[in-house]
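[1] Structure, please.
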Amino acid sequence: MEGLKIIFFNYFILPGFLFSAVIGLLSTWVDRKVTARLQWRKGPPWFQPFADIAKLFGKEIIVPEGGSTFVFLAAPLVGLSAITLVSTILWMSNVFPAVGFVGDLFVVLYLLTVPSLSAILGASASKNPFAALGASREMKLILAYELPFLLSVLTIVYKTGSIVLGNIIGFQAQHGITLFSLSGIIAFIVVLFVVQAKLGYVPFDAAEAEQEIISGIYTEYSGPALGIFKFSRAILLFVLPVLMITLFMGGINILSPLGILWFVVKYVIILTLIILIKNTNPRLRIDQALRFFWGPITCLAALGFILAMIGW
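    Numbers count the residues shown, from 1 in each chain. From the prediction side, this is the model:
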């Protein structure tokens with residue numbers, strides 16, 4: 001019984017759903033605020049993302065006719081569950097490195113594909129042509145960025161000699177962070193672009209593309225179902241930088257106030273880079289995005305892996 005209470009607390013409260021959702025929604029506010037200031041606007045108050053979610057949860061869910069109601073409604077829940085589990089694994093590996101399990105890094109990589117796959121399934125179940133087009137674009141994006149993403153993660157695995165998140169953090173504590181190497185810098189740059197695509201941010205937002213295909217994969221979603229997708233996107237904005245900090249910047253030390261402050265600084269730096277990329281680039285067509293990831297980004301990721309093999 002005590003074990004179930006601990007699992008419930010870790011998954012639903014800290015460091016799981018509630019903690020990740022709050023920080024993620026605050027991060028979306030920072031995104032919207034910085035974007036507004038860059039456009040000479042004031043921007044929303046800090047509580048606006050919370051108010052938006054509350055408003056969506058107070059509205060009706062409209063299920064389109066002709067599609068699969070079960071898949072349409074289950075898809076956002078599956079995506080939210082997966083990303084919440086990723087957050088829990090990452091934070092537990094940082095706080096209690098010894099509780100990790102063999103291959104937890106690859107479990108995280110698999111789970112990170114679930115939110116995109118759930119959006120594809122939900123869009124396909126809606127039987128909407130705009131949603132189907134968005135789903136098609138999202139599938140192409142996944143096929144494009146997963147290869148360089150995997151190569152960059154394998155670079156870290158080769159440098160640290162482990163596929164356990166806790167061991168990767170421990171290696172960096174003893175030998176220095178992996179970002180302080182040429183191969184680490186290259187892998188970090190590649191992962192940064194992949195994170196941009198996983199978030200569906202400009203220049204890789206072709207699957208949503210409001211000016212072209214209404215809202216793409218989210219066209220038929222409304223009310224709490226749409227709110228859950230928004231929740232998932234917000235948590236991703238928190239979880240993906242945490243993954244980058246874990247793999248490239250030595251992880252998180254919460255045992256001291258200085259360690260917590262240093263984590264906040266690293267998180268803000270990565271969040272700022274994501275926001276700057278989003279606000280300084282036009283949307284790429286889906287064929288341009290594919291060429292970008294299969295061309296220079298994959299070559300860059302392969303170069304980083306080769307450099308890691310020769311000790312750089």
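
[2] so how far is Ser256 from the nearest residue to Gly24 once chain neighbours are set aside?
    With CB to CB, 6 or more residues apart in numbering as the criterion, Gly24 has its nearest non-adjacent residue at 3.5 Å, and that residue is Ala234. (Glycine included, C-beta is placed from N, CA and C.) Relative to Ser256, Ala234 is positioned 28 Å away (CB to CB, to the nearest Å).

[3] and if you look at Leu247?
    22 Å.

[4] How about Leu141?
    Leu141 sits 40 Å away from Ser256, going by CB to CB.

[5] These two: which is more packed in?
    Using other CB atoms under 10 Å, the more surrounded residue of Leu141 and Ser256 is Leu141, with 22 against 9.

[6] which secondary structure element contains the more buried one?
    Using DSSP states H and E, Leu141 maps to helix 129-160.

[7] gap between Ala131 and Leu150?
    28 Å.

[8] And Lys278, by the same measure?
    24 Å.

[9] Show me which of these two is the more surrounded one.
    In this view Lys278 and Leu150 are compared by other CB under 10 Å, and Lys278 has more residues nearby, 19 against 16.

[10] My guess is the more buried one contacts Val202. True?
    Yes. Here Lys278 reaches Val202: they are 4.9 Å apart, a contact under CB atoms under 8 Å.

[11] rewinding a little: thought the residue nearest to Gly24 was touching Trp29?
    No. Counting by CB under 8 Å, Ala234 does not reach Trp29; the two are 9.5 Å apart.

[12] Return the per-residue confidence for the residue nearest to Gly24.
    Note for Ala234: predicted pLDDT of 93.

[13] Might you report the residue contacts of it?
    Ala21, Gly24, Leu25, Ser27, Thr28, Pro49 (CB atoms under 8 Å, 6 or more residues apart in numbering).

[14] List the buried residues for the host helix or strand of it?
    Here Ala234, judged by DSSP H and E, is contained in helix 223-248. Of the residues in helix 223-248, 224-248 count as buried by neighbour count, 16 or more other CB atoms under 10 Å.

[15] swap in stretch 56-74?
    Leu56, Val63, Gly67, Ser68, Phe72, Leu73, Ala74.

[16] Excluding residues flanking it in the chain, which one is nearest the first one?
    Closest residue in space to Leu56, ignoring its immediate chain neighbours: Gly227 at 3.5 Å, by CB to CB, 6+ apart.
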